[in-house]
Structure formats: structure tokens, C-alpha cells
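[1] the following block contains a protein sequence and its predicted model.
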Amino acid sequence: MSKTAEPKIALVIPNATPEDEDRAGGRARNALNAVTGVVGQGRVVLEESLRLGRELTKITVGRSDVGPAAGDRRFTDQAWTNNPIYRRVQQTYLASVDAVESVVEDLGRRVDDRHAREAAFVSTVLTSALAPTNYLPTNPAAVKEAFDTGGMSLVRGARNYVSDLRHNGGMPRMIDPDAFTVGVDLAVTPGAVVARDEVAEVLQYTPTTETVYERPVLVVPPPIGRYYFLDLRPGRSFVEHAVSRGLQTFMLAWRNPQAEQGDWDLDTYAQRVSDAIDEVREITGSDDVNVIGFCAGGLITTALLNHLAATGDTRVHSMSYAVTMLDFADPAGLAAFSGPRLLQLVKGRSRRNGIISARDMGSAFTWMRPNDLVFNYVVNNYLMGRTPPAFDILSWNADGTNLPGALHVQFLDIFENNALATPGAMTALGTPVDLGRITVPTFVSGAIADHLTSWKNCYRTTQLLSGDTKFVLSFSGHIASLVNPPGNPKSHYWEGGEPGPDPEAWLDAATKKTGSWWESWADWVSERAGERIAASTRLGSDEHTVLGDAPGLYVRDLKAGIPV
């Protein structure tokens, strides 16, 4: 399984008091109680106990064929196959996990979906924590490493553990913090800062083609995390690809807010997108722009589009969405965190504290993938005594940002009440939201293995808006689908006809294509980008002069050389 990190989702309890932690802990207890309720009925636990007992007997006499699933990297050491003791330890663990999963699956047929997901979440964390690979005596690779290094691996592991306790909130580091430098190794596509205010910078990228399309593209990243997951290393940069296709490309780089910016809300961010559109129009001389929003950046831009549609404003020619959910009627993978009591608790903490810290957001959903994002590094850092590998996506993931409390509360309202998809349930920029009034052409993408913004929920955007729309389905998960450069022979995506109400019917009729959805998007937006004109050798304009080189100051928490 890929080490790709999940995005930072802002459903967290920052600086929790003991009372808060007790309430939050109550949700875990509720999920465990739900499992206990099934167990208490007797039938399921009896059936699974008998089945497990029979399997354990086979394991004891060496006749069991239980084995790890394909792609389970925890059990790759040959000792798990060749050593009879380790083989039995492995099989006992896997058989027990299978029994637990069967109990939880039965629970899913007896309770509502949210409680079922809660129980599945808790059971996944517990069974992952109990894996024999997480403990020195039952991890053959770690035992070998200790012998081969004369115990130095354990000494290094102890140092790593103490360091993480002191500097990383007790969580194992996923990256070497010195492996990459923003502006040197990451976010290196040539360009300049052409506008800056207290909310964001606007970056303009240097053309690499002799001619460019006359209508520019404005990229709106999410305010959760740094923008440069869209501009990683050369060859892995969405920005680089867009520029190479002759698209005049601009990027919003959000400022990392502090407590004094805690009152920034959806209107603050939507208005900044509107201002950026005007800045891009002035620099390029274009009457309108194409916009692409990633994740929550698409949600923010949709609030603006609703206002523009209601006021007859035509400054946006087309809109593209990348793994953006607008309809939260079925929160899918987020359902385990959607209980009303927890949401009210988190809202209260956000209002009192002003911001949600980068650390809180960075760790909030780590436990949704405990094997990959927690225990993999427990083994690597502590048992093996190694430094985490250098990986650009994980480096970006660790470079977190804060989120204003006011915006966080609004996001939670949208999440809890599905307000964005419910006409009249909320307002943005003083305008009641009704997504059906948005008629600009749209390009919508989802990712088939995305367990955060489910592809079917992303697909729903095609039914909420009223303009012509195209849907493309990428392979892989959330971030892996976004960092999806052409040239990978394993990459593929699905294209189909006009999206109807049934996503499965669309997929059944769609065509699977080798390559990246970036290419499909670039083709689509190029058709809506006007004529080719000579590329300018100058960035910015007389009104919006160059303020400095990309990647700018805000991505490095600087403002005119002064920490913000």
C-alpha cells in the first residue's frame, strides 16, 4: 500500500480539556458498546468463537492456510513463512482479526450506518495496534536488526522515541524534517508573486511555450495545508504540467492564519478568490478566467460561483473540481466522526480558541489509516531504529497550516447539515446558496479508492449544478489521485458520456484510459481557453508588479521577511 498521506481534515478537538477528552472518549466507548451489544446477543460471538477455535487448532498442528492479504507489507520477512513459531503467531493474529471483522460486519446490518462506521473505525485501530509486528519479540526483522547492529538499532530507536515525545506530540515522525526545502527541492516551478494581501498571495508562473491560451487558469487550493502539493518536484507538479500545455497559470497561496485571524470565515476566503480573479484578469487582459478548485478550495469557490450567478457576474468562464465534495448527505469515510455531540464540542472549542492548529489538523485523521500512517513508523523508527524515508508527499503533509475557527465552524455546519447542497440553508457573500443556479461548464473529478471524499459523492456535483458537465474518475486514493503526473504506466482513469443520476451506470458505460486525468482536464480546459497568443516575457503588470519570486513568502510563513 502507498505511503501517500491523507489530507489534513479539520474535524479535531484542539487543546482539549479533560472534560472534552472525556466526552470524545465517550464516542469510542459508544462504538465499543455497540460491538459489545452484538456480542451480548450470543449468536455471533458463539459462531465466531467456534470458527476461530477450529482455525486455531489447524494453526497449532500446522495445517492452516491463513495468510496475509496481498499488499500487506507487515509480513514480508521470510521468517513469517519459514519459521514455524513466527508463522503460528502471524496466523493466530490474522485469524483473530478476521473474527473481529466478522463481528463488526454483523453489527453493520443491525445498527445505523454511522454507528457501524464508528465500530469499524475503533476495531481497525485496536487490531492494528495489536499486530505482532509492532512489538520487538514478535517482529523477526527487528530482532535480526538488533543482533546485526549489536543493539544499536534499539539505542537509536529509543532516541527516536524520546525525540518524538518531546517534539512531535508522541506520534512517530513520518519524514526526515531535513530531507526537503520549500523553494529548493519542492515548489520550484519558475514564477513570481504578483499580488499580496493579508489573506493570500497570487503567484503567476512563467510560460514555457512560445504561445499561450488567452484565457488564464486560476488554481484555488484548499486552505488546509500548503498549496505546493500541486507543485512538488519537477515531473510531479500539476502546475508544471498546466504551464507545459500553454495555459497561463496562476495560484492562490493562502496565508497561514494565527489566532488574531480567527474570525476569517467563508466570506473572507470567497472574497479573496473573487479579488484574485480580478487581479488575474488585469494582468492578462482577459475578460474572464477558468478556475480549478482542489478539495476545500472547490467548496470555497462554489460559494463565490453561487454569488456570481445570483448577481449576473460572468467573470468565471468555467469551473473544475478535483476530489471536492459539495453534497454531504452521505459523508462516507467521515461518518465515524459525524456524531452531533462531537460536532457541537468541536465547534465550541473552535470558537473559544480562534484557530485549529496545524498539529491538531495534521493528526486528526492519521488514525483512519493506522497501519500505514502510525504503526509502520513505530516499527521503522523505534524497533528498527531508522530515520523515516525521504518522500515529498509526506514532507508536504507534515508542513501543516492552521485553520481559522470561524471557517472551521462553517465547514462543520456544512458537514453536519449538508447546508451547501440544500437550497437556502446558508448564505455566502450575502447571497442565499442555491447550487442549481450555477450554469458555467464544469469538469468534475473523483478518485475510485478515495475513502475521504468518496467518488460517488464527488460525482453528485454533476447533478447539483446546472451547466454542462464532464466527469472523470481517477484511480488511487485522495492525494495520490491529485499528484498524478502523466507517464506512470500504472496510472489510468475513466471517461464517459454525459453524467446521469446513477454513478454506477456512468462507470459501467465509461471507457478506461491509460494515463493521468491531468491530461483529460488540460484538454477540456484548453477547449475553453480561447485563442493562442504570443507568450509574454513579462510577469505581472504596471498595476500588479512583481513582489518576489515564487513560491512566495506565505508558503514559508513569512510576510515581507517577517514571520506572520
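    It's in.

[2] now do the strands in the stretch 201-350 of the chain.
    Using DSSP state E, counting those that start in this stretch, the strands assigned to the stretch 201-350 of the chain run over residues 211-213, 217-220, 249-254, 289-294, 316-322.

[3] could you dump these to JSON lines with distance to Leu46, mean pLDDT and mean neighbour count?
    In this view, the C-beta of every residue, glycine as well, is placed from N, C-alpha and C. Formatted as JSON lines, the strands of the stretch 201-350 of the chain follow (distance: least, Cβ to Cβ, whole Å; pLDDT from 0 to 100; neighbours: other Cβ atoms under 10 Å):
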{"stretch": "strand 211-213", "distance to Leu46": "67", "mean pLDDT": "98", "mean neighbour count": "19"}
{"stretch": "strand 217-220", "distance to Leu46": "55", "mean pLDDT": "98", "mean neighbour count": "27"}
{"stretch": "strand 249-254", "distance to Leu46": "55", "mean pLDDT": "98", "mean neighbour count": "27"}
{"stretch": "strand 289-294", "distance to Leu46": "49", "mean pLDDT": "98", "mean neighbour count": "26"}
{"stretch": "strand 316-322", "distance to Leu46": "48", "mean pLDDT": "98", "mean neighbour count": "24"}
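
[4] quick one: closest of these to Val61.
    Among the strands of the stretch 201-350 of the chain, the nearest to Val61 by Cβ to Cβ is strand 316-322 (53.3 Å).

[5] contacting residues around the closest one?
    215, 277, 288-295, 298, 301-302, 304-305, 308, 438, 440-445, 458, 461, 482, 521, 524-525, 528 (Cβ atoms under 8 Å, 6 or more residues apart in numbering).

[6] return that strand as CSV; C-alpha atoms alone will do.
    The C-alpha coordinates for strand 316-322 follow below in CSV (Å, rounded to 0.1, in the frame of the first residue of the first chain):
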residue,chain,number,x,y,z
VAL,A,316,-15.7,32.9,-14.4
HIS,A,317,-15.9,31.1,-17.7
SER,A,318,-15.6,27.5,-16.4
MET,A,319,-15.1,25.7,-13.2
SER,A,320,-13.2,22.5,-12.5
TYR,A,321,-13.4,20.4,-9.3
ALA,A,322,-10.7,17.9,-8.1
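
[7] possible to save the strands of the stretch 201-350 of the chain as JSON lines with distance to Arg88?
    Output for those, formatted as JSON lines (distance: least, Cβ to Cβ, whole Å):
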{"stretch": "strand 211-213", "distance to Arg88": "64"}
{"stretch": "strand 217-220", "distance to Arg88": "54"}
{"stretch": "strand 249-254", "distance to Arg88": "53"}
{"stretch": "strand 289-294", "distance to Arg88": "47"}
{"stretch": "strand 316-322", "distance to Arg88": "47"}
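
[8] what's the closest of those strands to Ser49?
    Minimum separation from Ser49 across those (Cβ to Cβ) falls at strand 316-322, 46.8 Å.

[9] and the closest one with strand 289-294, angle?
    Following axes from the mean of the first three to the mean of the last three Cα atoms, to 10 degrees, one obtains 20 degrees for the angle between strand 316-322 and strand 289-294.

[10] where do the helices sit along the stretch 251-400 of the chain?
    Secondary structure of the stretch 251-400 of the chain by DSSP state H, counting those that start in this stretch: the helices cover 266-284, 296-311, 340-353, 358-364, 370, 376-378, 392-398.

[11] ranking the ones you listed by mean pLDDT, which is last?
    Least confidently modelled of the helices of the stretch 251-400 of the chain is helix 340-353, at a mean of 55 by mean pLDDT.

[12] coming back round to it: select, out of the strands of the stretch 201-350 of the chain, the one closest to Lys58.
    Nearest of the strands of the stretch 201-350 of the chain to Lys58, taken as Cβ to Cβ: strand 316-322 at 48.0 Å.

[13] surely Leu230 meets Gly293?
    No - using Cβ atoms under 8 Å, Leu230 is not in contact with Gly293; the gap is 11.4 Å.

[14] avg pLDDT for stretch 95-105?
    Across stretch 95-105, pLDDT averages out at 91.

[15] kindly report the same for stretch 126-136.
    The model assigns stretch 126-136 a mean pLDDT of 96.

[16] contact partners of it?
    With contacts defined as Cβ under 8 Å, 6+ apart, stretch 126-136 is touched by 74-75, 89-90, 93, 96-97, 100-101, 138-139, 142-143, 146, 154, 370-371, 374-375, 378-379, 383.

[17] out of the residues you listed, which are buried?
    By neighbour count, with 16 or more other Cβ atoms under 10 Å, the contacts of stretch 126-136 hold 74-75, 89-90, 93, 96-97, 100, 138-139, 142-143, 146, 154, 370-371, 374-375, 378-379, 383 as buried.

[18] mind checking which of those residues are in strands?
    Using DSSP state E, no member of those sits in strands.

[19] gap between Glu453 and Glu118?
    Heads up, residue 453 is Thr, not Glu. Distance from Thr453 to Glu118, counting by Cβ to Cβ, to the nearest Å: 19 Å.

[20] and if you look at Arg369?
    17 Å.

[21] so the two - more neighbours on which side?
    More neighbours surround Glu118 than the other of Arg369 and Glu118, with 25 against 20 (other Cβ atoms under 10 Å).

[22] may I have the residues that are in contact with Gly61?
    Quick fix: residue 61 is Val, not Gly. For Val61, no residue meets the contact criterion (Cβ under 8 Å, 6+ apart).

[23] just the pLDDT at it, thanks.
    At Val61, pLDDT is 95.

[24] confirm Lys513 sits in a strand?
    Yes - if the criterion is DSSP: H, G, I helix; E, B strand; the rest coil, then Lys513 is within a strand.

[25] what sits against it?
    Residues near Lys513 by Cβ under 8 Å, 6+ apart: 492-495, 520.

[26] scan these and report the most crowded one.
    Within the contacts of Lys513, neighbour counts (other Cβ under 10 Å) peak at Tyr493, which reaches 27 neighbours.

[27] tell me, how many residues neighbour Trp396?
    Neighbour count of Trp396, defined by other Cβ under 10 Å: 26.
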